[in-house]
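Colleague: build me a model:
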Amino acid sequence: MTELTQEQKDRFWRDGFLVVEDAVTPEQLAGLRSVFEGWVEESRQHDDDYGDTLDGRKRFDLEPGHSAEKPALRRVQSPEEVSEVYEDIMRNARTVDIVAELLGPNLRFHHGKVNSKLPGAATKVKFHQDFPFQVMTNTDLITCLLCVDEVTLENGPLEVVPGTHSGPLYSHWHNGVFTGTVADEVYEEHKDNIVKCIGKPGSVCLMHSSLLHGSAPNLSDKSRTLYITTYYAEDAIELNENHLPSRFTYELIRGEETGRVRCMEIDVQLPEKPKDTSFFAQQAMG
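Modeller: Here you go, the predicted structure:
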């Protein structure tokens with residue numbers, strides 16, 4: 001069964017992103033919501049980041065200002081490791097079949113996370129590209145941003161600059177510090193071409209790893225929660241330490257092992273792995 005039309009495939013490779021509806025079933029969506037709501041309730045019992053991941057960093061990332069009365073759980077690292085619901089969807093959602101149509105039949109899983117902006121959350125994601133965080137021998141990586149909530153123009157949607165995946169890989173280092181963001185002049189150059197990606201619950205935004213993107217704070221009274229998974233072509237090999245390792249990292253999700261590596265000409269400075277819970281701390285230095 002074909003998941004995408006040729007027009008959709010062409011649009012993805014032209015623009016570097018594509019929004020597709022109904023990437024999960026209603027039952028899968030309800031499961032994602034229920035588990036995340038449980039994590040939000042659990043976060044009320046904590047004053048600081050908590051829970052351990054494979055590399056010893058914290059799993060649950062709390063925004064500054066978080067409290068029991070006003071919880072602000074902004075990220076869950078590698079949720080597949082602590083939830084069978086998320087693990088199943090990482091492997092079996094329609095999302096994976098869509099990615100396979102774009103990248104080819106042989107796919108590996110790179111990492112997963114939940115990014116959430118609860119009502120009134122101040123979290124802002126500065127503009128960056130994903131590839132400089134996860135440098136590979138080729139750029140066939142797709143980040144899938146699955147809408148657990150409805151994403152509107154007011155609640156901090158993904159903002160992208162169409163076509164920038166075909167341009168340069170920008171430095172995310174400034175004054176000797178890896179800030180995880182592009183320089184101000186790069187943002188100024190592209191700000192007039194920004195497109196905001198909205199979608200109903202269960203929609204997915206497929207984004208090329210080299211696409212310039214960011215997001216604004218949640219200015220509404222509605223949550224904006226995304227389950228984000230990254231998949232890559234089986235013939236790509238990672239060139240830097242995985243910044244979000246889990247026991248599922250590099251798992252073959254679709255297809256077969258070829259034992260081959262495909263290399264492109266790539267010129268980018270390797271990243272610095274976050275020392276804190278997530279890259280939000282890195283961006284705060286930018």
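
Colleague: who does the longest helix seen in the chain touch, helix- and strand-wise?
Modeller: For the chain, the longest helix by residue count, based on DSSP state H, is helix 26-43. Using 3 or more CB pairs under 8 Å, 6 or more residues apart in numbering; DSSP states H and E, the elements in contact with helix 26-43 are strand 58-62, strand 73-77, helix 84-92, strand 107-117, strand 224-233. Any C-beta I mention is one placed from the backbone N, CA and C, and that applies to glycine too.

Colleague: list the buried residues in that helix.
Modeller: By neighbour count on 16 or more other CB atoms under 10 Å, the buried set for helix 26-43 is 28-29, 31-33, 35-36, 39-40, 43.

Colleague: stretch 162-176 now?
Modeller: 162, 164-165, 169-170, 172-173.

Colleague: what is the end-to-end distance of that stretch?
Modeller: Counting by CA to CA, to the nearest Å, you get 29 Å between the two ends of stretch 162-176.

Colleague: ok now it, how far from the chain's centre?
Modeller: Chain-centre distance of stretch 162-176: 17 Å, with CA atoms, centre = their mean, to the nearest Å.

Colleague: average pLDDT across it?
Modeller: Over the span of stretch 162-176, the pLDDT mean works out to 95.

Colleague: need the residues that contact that stretch.
Modeller: Residues outside stretch 162-176 that contact it (CB atoms under 8 Å, 6 or more residues apart in numbering): 14-17, 128-129, 131-133, 139, 178-183, 186, 190, 193, 195, 208-212, 266-269, 271, 286.

Colleague: please enumerate the helices of this structure.
Modeller: According to DSSP H, the chain carries its helices in the segments 6-15, 26-43, 84-92, 94-103, 184-190, 279-284.

Colleague: list the buried residues in the first one.
Modeller: Right, helix 6-15. 8-9, 11-12, 15.

Colleague: dump those residues to TSV, plus distance to Pro79 and pLDDT.
Modeller: Listed next are the buried residues of helix 6-15 as TSV, based on distance: CB to CB, whole Å; pLDDT from 0 to 100:
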residue	distance to Pro79	pLDDT
Gln8	28	98
Lys9	29	98
Arg11	29	98
Phe12	26	98
Asp15	28	98
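
Colleague: among those, which one sits closest to Thr258?
Modeller: Distance to Thr258 across the buried residues of helix 6-15 (CB to CB) is lowest for Lys9, with 22.1 Å.
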